[in-house]
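Student: Have a look at this fold, sequence not included:
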């Protein structure tokens, strides 16, 4: 079975599993977000998983760059991403998006044990992180160059996200 067929099957499964789940959000047919934790939980965080062209044979891109996570320190984000990366390595070659979201939900307290909501400062834009393994296909390197958004576009996107947050799906 080819990567595209695997992706189509996983996409169908994700839509079925998370139908009506306000924490799940399909950004595109190859990019998904899941909020770990309840609304108002100071230790809640958002994970974004994007599939590469050759996923699941190659790792997905896992990101915590969402504005929702701006109060979480870089160290905590890096720790969470490192633990998720370990889970990716174990599941490489199989559909893993659901597994990664569930792994994060099951280990939320452990992941966030060093997060102290009261005294944290927002992560500077320069420190935004994501994990992309170097084993991604060469064709995906051409796609790494993303269009830069202006401050006004970023504000508009943040406002739109805040208004629509978790209402669609």
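Tutor: Received, thanks. Just so it is clear, the model here is predicted, and its values are computed rather than measured.

Student: Extract the residue ranges of this protein that are flagged as low pLDDT.
Tutor: Applying pLDDT under 70 to the chain flags the ranges 1-3, 117-149, 156-169.

Student: change it to 90
Tutor: For the chain, the stretches with pLDDT under 90 are 1-6, 38-43, 66, 71, 111-169.

Student: This protein: helices as residue ranges?
Tutor: 3-17, 74-91, 97-106, 108-111, 138-141, 151-164 (DSSP state H).

Student: Go through the fourth one and flag the buried ones.
Tutor: Of all the residues in helix 108-111, those buried under the rule 16 or more other C-beta atoms under 10 Å are 108, 111. Any C-beta I mention is one placed from the backbone N, CA and C, and that applies to glycine too.

Student: any idea how far residue 28 is from residue 150?
Tutor: For residue 150, the distance to residue 28 (C-beta to C-beta, to the nearest Å) stands at 22 Å.

Student: Correction: the previous question concerned residue 153.
Tutor: If you measure residue 153 against residue 28 using C-beta to C-beta, the figure is 18 Å.
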